[in-house]
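**Q** Any chance you could fold what I've pasted below:
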Amino acid sequence: MTGNASTDGFGHEFVAANGLQFHVATCEHEAAEGSDRLALFLHGFPERWSSWKYQMPLLARLGYRVWAPDLRGYGDSDRPGKLSDYAIEKLLDDVAGLIDASGAKKTVLLAHDWGAVIAWVFAVRRLRELDGLVIMNVPHPGAASRGFSWRQLLRSWYVIAFQIPGLPERALARRDPVQMAEGMLSSMAHPENLDADSLRLLAENWQGSARIAAMLNYYRAYVRGGGAQRQRKLGYPVIDTRTLMLWGVNDIALTVETTYATGDFVTDLTLRYLPEASHWVQQDEPELVNRMLEAWVQGGDVPRAPGEPNPTRHGCG
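**A** Got it, this is the predicted structure:
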């Protein structure tokens, strides 16, 4: 493990795990000194560790060592070049390797978007025991299948487009990386919450076809590479890990109906809908998300968002 200087208020280290070097952002607080509890944050597409800037200090204050890696292929982490390098099984092993490298005895896994795809499967397969699971704006794969609709298929058009070999990355690499990064702002409820440093990091993701291909290969390996099919064949045993699921209702990519069967796949589930938030829920509503997180981590009643739909008919706590 090696460190480098921080210019943004967070620590930055390089951690060896699963045969790769991962850039890991950290957050320190006196409450977490010597802690054997790890809060491991997994970002999604097309983001970086900075997706979690608002939540990292909270978990540190609550006594957790905080790690927010750039996932493989992203940012300053290693970027293997083959589609098969992004198979879901390898992504799961990355998470297991990071947990092992931390030396933590207890781990809470917090994940959004593609990070949440990985986290759901990681919890199902029980590669390592988790003390808690926090999921944001990606449905459990079993629940998603039950809630799939033509409306969801139309929203998933980009996943289909990404399957074309070579063409999408070449086309996207011709576009201005800053404009690509700023494209995320149009789908946020509160784009003012995405600061200049985060936009700069996002723009780096769009600089060159190799970086773009790495991001797209997550989708390709899961769909065209058969990762989703392999997981379906294994089945989805019920998750007994204590789980918090937060869902921004104004998600342009995923329908809320894909969440309704989640309680059939998770025994200890708390599900909260945030009606004013978009897909980028932890950045749109950081104060509300953090209040919910803090209550859940401390074992209290998780507050509901103002105007939240009543989810009790779907078996959610």
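**Q** okay, CA-based contacts and neighbour counts for the rest of this
**A** Will do.
**Q** Could you pull out the strands in the chain for me?
**A** Ranges of strands in the chain, per DSSP state E, are 2-4, 11-17, 20-27, 37-42, 65-69, 106-112, 132-136, 243-250, 269-278.
**Q** Tell me the buried residues in the fourth one?
**A** Put plainly, it is strand 37-42. By neighbour count, and taking 16 or more other C-alpha atoms under 10 Å as the criterion, the buried residues in strand 37-42 are 37-42.
**Q** Which pair of the residues you listed spans the longest distance?
**A** Greatest spatial distance in the buried residues of strand 37-42: Arg37 and Leu42, 16.3 Å, computed using C-alpha to C-alpha.
**Q** before we move on, the earlier item: which of the strands of the chain is buried the deepest?
**A** Burial of the strands of the chain is given as mean neighbour count (mean count of other C-alpha atoms under 10 Å); strand 65-69 ranks first at a mean of 27.
**Q** Within its sheet, name the partner strands of that one and how each one runs.
**A** When sheet partners are counted by DSSP bridges, strand 65-69 sits next to strand 20-27 (antiparallel), strand 37-42 (parallel).
**Q** Redo these as TSV? Include distance to Trp120.
**A** Formatted as TSV, the entries for the strands paired with strand 65-69 read as follows, by distance: least, C-alpha to C-alpha, whole Å:
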stretch	distance to Trp120
strand 20-27	21
strand 37-42	11
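**Q** Dump these to TSV, plus mean pLDDT and distance to Arg170.
**A** As requested, the strands paired with strand 65-69 are exported to TSV (pLDDT from 0 to 100; distance: least, C-alpha to C-alpha, whole Å):
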stretch	mean pLDDT	distance to Arg170
strand 20-27	98	26
strand 37-42	98	27
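**Q** quick one: which of those is nearest Gly115?
**A** Distance to Gly115, taken as C-alpha to C-alpha, is lowest for strand 37-42 among the strands paired with strand 65-69, at 4.6 Å.
**Q** Run through the helices of the stretch 1-150 of the chain in chain order.
**A** Ranges of helices within the stretch 1-150 of the chain are 56-61, 88-102, 114-125, 141-146, 150-155, based on DSSP state H, counting those that start in this stretch.
**Q** wait, which of these is closest to Arg242?
**A** For Arg242, the closest of these is helix 114-125, at 10.3 Å, according to C-alpha to C-alpha.
**Q** tell me the angle of that closest one relative to strand 37-42?
**A** Between the axes of helix 114-125 and strand 37-42, defined by axes from the mean of the first three to the mean of the last three C-alpha atoms, to 10 degrees, the angle is 130 degrees.
**Q** To Ala161, which of the strands paired with strand 65-69 lies closest?
**A** Between Ala161 and the strands paired with strand 65-69, the shortest gap by C-alpha to C-alpha is with strand 37-42, which sits at 24.4 Å.
**Q** Give me the contacts around stretch 286-303.
**A** Contacting residues not belonging to stretch 286-303 are listed as 54-55, 58, 62, 244, 246, 270, 281-282, 304-305 [C-alpha atoms under 8 Å, 6 or more residues apart in numbering].
**Q** sorry, back to before: let's have the buried residues of strand 37-42 in TSV, adding distance to Ile239.
**A** TSV is the format used below for these (distance: C-alpha to C-alpha, whole Å):
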residue	distance to Ile239
Arg37	21
Leu38	20
Ala39	19
Leu40	18
Phe41	19
Leu42	19
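**Q** quick one: Tyr273 and Gly307 touch, right?
**A** No - Tyr273 is not in contact with Gly307 according to C-alpha atoms under 8 Å; the separation is 9.2 Å.
**Q** how much space between the closest residue to Pro237 other than its chain neighbours and Asp268?
**A** On the basis of C-alpha to C-alpha, 6 or more residues apart in numbering, the spatially nearest residue to Pro237 that is not a chain neighbour turns out to be Val124, at 6.3 Å. The gap separating Val124 from Asp268 is 13 Å, by C-alpha to C-alpha, to the nearest Å.
**Q** and if you look at Leu59?
**A** 21 Å.
**Q** So for those two, which sits in the more crowded spot?
**A** Leu59 (25 against 16; other C-alpha atoms under 10 Å).
**Q** dump the residue contacts of the more buried one.
**A** When contacts are counted by C-alpha under 8 Å, 6+ apart, Leu59 touches 39, 65-66.
**Q** Return the closest of these with respect to Arg155.
**A** Distance to Arg155, by C-alpha to C-alpha, is smallest for Ala39 among the contacts of Leu59, at 31.6 Å.
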